[in-house]
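> What would the 3D arrangement of this be:
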Amino acid sequence: MLINQFYDKGLAHASYAVIHAGKMIVIDPTRDPQPYYDFARQHEVDITGVIETHPHADFVSSHLEIHQTTGATIYVSKLTGAEYPHESFDDGDVIQIDDIILKAINTPGHSPDSICIVLEDEDGKESAIFTGDTLFVGDVGRPDLREDVGNITAKKEELARQMYHSTRDKLMHLPKHTIVYPAHGPGSLCGKNMSPDLQSTIGRELRENYALQLMDELQFVKTLTTDQPFVPKYFGWDVQLNKKGAAMFDESIKNIPRLDAGTVLDRNTLVIDTRTNESFIKGHLAGAINLQNGGKFETWLGSIVAPNEKFYIIAETDEEMDEVINKTAKIGYETNIRAGILLPNDAIETSAQLNQDDFIQNPDHYTIIDVRNNSEVQDGLIFNSAIPIPLPELRERLAEIPTSKPIVVHCAAGYRSAAAASIIAAQVKSVPVYDLSEAIVDIAKNKSVAL
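The predicted structure is shown next:
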């Protein structure tokens, strides 16, 4: 028997392949199925099954495509209301692969239709469990993503109560040696306290996971529903898309047009410029948003842009264009791309450059916008006079920004402030809009301005 973890760092997503007796089962696959085909070919096995632990909110799964390409059976809880061919996989259901068993257990909490998969090895021992978004290393799945979407909806308090019983009545009774394979790692927005480790054991989680410590149900509900991360705009969209099953990955991205640099773009369509901030500052299209191609590009794209918005994508090279389109497809937004274009000829707008010395000495001469997340701001403002508006909310809250003084935008390290400054500058023309960029790191470190 072989268990292999595939990890997508950008979305902090872990998927798995279980190989035994010439067969391979894929668990919670990412949008691009090619790595699973390659792995099966490498080990000369057939992909015979795909298991979805629930309809994911933070990425689009390739379960339907794998079924259509290989004939593999899709297994998912009957509570999902899946609109694709599948077999129900709930309490008491098993997948037998020669002398090992994959056994479903219903574990509602993150979602009403969540399942975990216990692996019984050749000796009949419960040696591993694939926990989806129910149990992470150091955390459990957030309970507030299914209040309005999915086949079954439930308030976060009810789902938190279900999580209490899923962990106490089921997971915590597994043998302590059972290896825990979660669907996410650090950086995922599906939890709030994840360890950097990508696997654990039930014994370790019993000792170290805050959510598995001794507490009553009421205390657990309060703990789990407090201080969860923001919810990106695309999460509900992806739940619905995964419930239906997404289009073929390669075919979908090949349908995106590529335009010449001289093409005149529709001025009413959003422009996402994925080049570096340095390149963007020197010349960009008026109104473009500078969302740089970085480690969390897909998450921020789906946090700033709504699922129903069309947009152009600008990149520096054809290779970078391919990369950002692939990332866009991971969250199901490739159909939103009106076209891709390398730097257009009319990208002549430049960004205002901040005199940092003047700003440090006279911060009261500026309107300061802090676009960090609410959880970060709770730890204290870096500038006492700053107006906190998290980046995911910025486009909807531009009217709250005073325009009587020049505007300076900051985050924690520079990535978000580049996007935020471009969003504000596209709308505010009466005063300059500056990006504090990476200078914020030294300012915060040296406490040059009162905390």
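
> drop to CA atoms for contacts and neighbour counts, all remaining ones
Noted.

> any chance you could map the helices in this structure?
Counting by DSSP state H, one finds helices in the chain at the ranges 34-42, 63-70, 156-169, 202-208, 217-225, 235-244, 249-254, 277-282, 297-304, 318-330, 356-361, 374-377, 415-427, 439-446.

> Other residues contacting the third one?
Contacts of helix 156-169 from elsewhere in the structure, counted by C-alpha atoms under 8 Å, 6 or more residues apart in numbering, are 106-112, 134, 143-147, 212, 217, 220-221, 224-225.

> can you rerun that using 7 Å?
Outside of helix 156-169, the residues within contact range by C-alpha atoms under 7 Å, 6 or more residues apart in numbering are 107-112, 143-144, 147, 217, 220-221, 224-225.

> Only whichever of those residues are buried, select them in PyMOL.
Here is the PyMOL command that selects the buried residues among these (16 or more other C-alpha atoms under 10 Å):
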select buried, resi 107+108+109+110+111+112+143+144+147+220+221+224
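
> The contacts of helix 156-169: which two are farthest apart?
147 and 217 (20.0 Å; C-alpha to C-alpha).

> hey, least reliable of the helices of the chain by pLDDT?
Comparing mean pLDDT over those, the weakest stretch is helix 439-446, at a mean of 89.

> Can you pull the domain assignment for the chain?
Here the chain is described, according to automatic domain parsing, as comprising the domains 2-238, 247-342, 356-446.

> Now distance to residue 348 too, for those domains, in a markdown table please.
Formatted as a markdown table, those follow (distance: least, C-alpha to C-alpha, whole Å):
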| stretch | distance to residue 348 |
| --- | --- |
| domain 2-238 | 31 |
| domain 247-342 | 5 |
| domain 356-446 | 14 |
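
> can you tell me which of those domains comes nearest to residue 350?
Shortest distance between residue 350 and the domains of the chain, using C-alpha to C-alpha, is found for domain 247-342: 5.0 Å.

> quick one on the thing from earlier: figure out which of the helices of the chain is closest to residue 80.
Nearest of the helices of the chain to residue 80, taken as C-alpha to C-alpha: helix 235-244 at 7.1 Å.

> Alpha carbons only: can I get that closest one in CSV?
Extracted in CSV, the C-alpha atoms of helix 235-244 (Å, rounded to 0.1, in the frame of the first residue of the first chain):
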residue,chain,number,x,y,z
PHE,A,235,-16.3,30.6,-1.6
GLY,A,236,-20.0,30.2,-2.1
TRP,A,237,-19.6,30.1,-5.8
ASP,A,238,-17.1,27.2,-5.5
VAL,A,239,-19.4,25.2,-3.3
GLN,A,240,-22.1,25.3,-5.9
LEU,A,241,-19.7,24.6,-8.8
ASN,A,242,-18.2,21.6,-6.9
LYS,A,243,-21.8,20.3,-6.3
LYS,A,244,-22.3,20.3,-10.0
